[in-house]
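S.K.: Sequence and predicted structure below; questions after.
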Amino acid sequence: MAKTILIVEDDKQLLDSYKELVETAGYVCLTASDGYHGLDVMAQQMGTVELVLLDLMMPGVDGLEVLRAVKANSEKYGNLPVIVLTNMTSDAVIKEAFDLGASSYLVKTDIDYAGLIKELNKYLGE
């Protein structure tokens, strides 16, 4: 059975592009256009979502707040690997993401589609 990935990304064009990529690689893809929606989907689909691809810069609740909420409340959200996918390259932000429990930190401008799928496969055992 295909594994399910949630992509939380506010840029509609990027969201659609990542969704197509993930589905082409054989995964089921759920999407959320902001942090609030992402947290709702994780809570509603707990046990279904097996990995989260998370942007950091979003309106409302940013990615670090989403990560903080997810890692602080495994009863509500499950114990999910969260891969940060952002253009933020600040060492302080990267450190904070890992301190909060990010599994991986990818910079959008530095990763190609093959690299992204390789990273997903690493965490989903594909």
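M.R.: That came through fine. On a predicted model such as this, the values are computed, not experimentally measured, just so you know.
S.K.: CA atoms for contacts and neighbours, from now on please.
M.R.: Fine.
S.K.: State the next helix or strand along the chain beyond the helix or strand harbouring Ala97.
M.R.: Using DSSP states H and E, the element containing Ala97 is helix 91-99. Moving toward the C-terminus from helix 91-99, the next helix or strand (DSSP H and E) is strand 104-107.
S.K.: Residues contacting that next one, please?
M.R.: With contact meaning Cα atoms under 8 Å, 6 or more residues apart in numbering, strand 104-107 is reached by Val82, Ile83, Val84, Leu85, Thr86, Asn87, Met88, Thr89, Ile94, Ala97, Phe98.
S.K.: Provide the strand pairings for it, with the direction of each partner.
M.R.: The sheet places strand 104-107 alongside strand 82-86 (parallel), with pairing taken from DSSP bridges.
S.K.: Tell me which other helices or strands the lowest-mean-pLDDT helix or strand in the chain touches.
M.R.: None of the helices or strands of the chain scores lower by mean pLDDT, DSSP states H and E than helix 74-77, at a mean of 92. Applying 3 or more Cα pairs under 8 Å, 6 or more residues apart in numbering; DSSP states H and E, we find helix 74-77 packed against helix 35-44.
S.K.: After the helix it packs on, which helix or strand is next?
M.R.: strand 49-54.
S.K.: residues touching the most centrally placed residue in the chain, list them.
M.R.: The centroid of the chain falls nearest to Leu53 when counting by Cα atoms, centre = their mean (1.5 Å). Going by Cα under 8 Å, 6+ apart, Leu53 touches Ile5, Leu6, Ile7, Val8, Val82, Ile83, Val84, Leu85.
S.K.: which of these has the most neighbours?
M.R.: Ranked by neighbour count (other Cα atoms under 10 Å), the contacts of Leu53 have Val8 at the top, with 28 neighbours.
S.K.: Identify the residues contacting that residue.
M.R.: Residues near Val8 by Cα under 8 Å, 6+ apart: Leu15, Thr31, Ala32, Ser33, Asp34, Gly35, Gly38, Val52, Leu53, Leu54, Asp55.
S.K.: With that, I have no additional questions.
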